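In: give me coordinates for this.
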Amino acid sequence: SKQPNKDIIQQLINSYFRQRFQNFNWVEEPLTTPKDFKDELRGDFKKEFKVGEETIKILIEVEFGNVASSYRDYFKFQLSYAYDYADICILIVPLDKLGKRIDSGVSNFEKTCKELPSAKLSITVPILVIGLDPEGEKEWDVKVLEPNLDILKNANKGVRSKHTKIIKDYIAKL
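Out: Numbers count the residues shown, from 1 in each chain. From the prediction side, this is the model:
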């Protein structure tokens, strides 16, 4: 109510992606560094694909949070590539106009595409950037289903099952 132009709930988007990647058998929260690395860094999703005699390892980060999180994603991408945990990385971010509906300072497609070329010497892993734009799509008014913002935001363990059910029911209708 205090920010009427912030009408998209980031946690619902994250849960939607989590459920969809689970449905397609992607590994959740895979290591991007060896287990003996000082900090065990994890990505969002990973899957290996057989292409002829080769196995291609794809690591995905879904980033609808603050732009600083994107820089951590680039770091994880580079480490995963250096340790042979990934061959190709994918970053899924909102277009700027969608990001502004989530929060201020959200990572976005336009900024990412502008910045990545200047990091060419330090980021050597191939990165595909996917920008999401809901324009033309029917919007989902979750307030009709659930007025409790804690449930929609998956604010604590006590609401997790209700939050997950909302996402699963939505996907089942697609």
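
In: the lengthiest helix in the chain - what's its average pLDDT?
Out: Looking across the chain with DSSP state H, the single longest helix is helix 67-82. The average pLDDT within helix 67-82 is 93.

In: helices or strands up against that helix?
Out: If contacts are counted by 3 or more CB pairs under 8 Å, 6 or more residues apart in numbering; DSSP states H and E, helix 67-82 sits against strand 54-62, strand 88-94. Placement of C-beta: from N, CA and C, glycine included.

In: if we use 6 Å, what do you get?
Out: Helix 67-82 is packed against no helix or strand, with contacts defined by 3 or more CB pairs under 6 Å, 6 or more residues apart in numbering; DSSP states H and E.

In: where does this protein have low pLDDT?
Out: 1 (pLDDT under 70).

In: show me where it has its helices.
Out: Under DSSP H, the chain gives helices at 10-23, 67-82, 96-102, 109-115, 142-145, 149-152, 160-173.

In: would you mind listing the buried residues in the last one?
Out: It stands for helix 160-173. Neighbour counts over helix 160-173 (16 or more other CB atoms under 10 Å) mark H163, I166, I167, Y170 as buried.

In: in this structure the first one contacts K153, no?
Out: No: H163 sits out of contact with K153 when judged by CB atoms under 6 Å, with a separation of 7.9 Å.

In: centre-most residue in the protein?
Out: Against the mean C-alpha coordinate of the chain, by CA atoms, centre = their mean, the closest residue is V62 at 1.1 Å.
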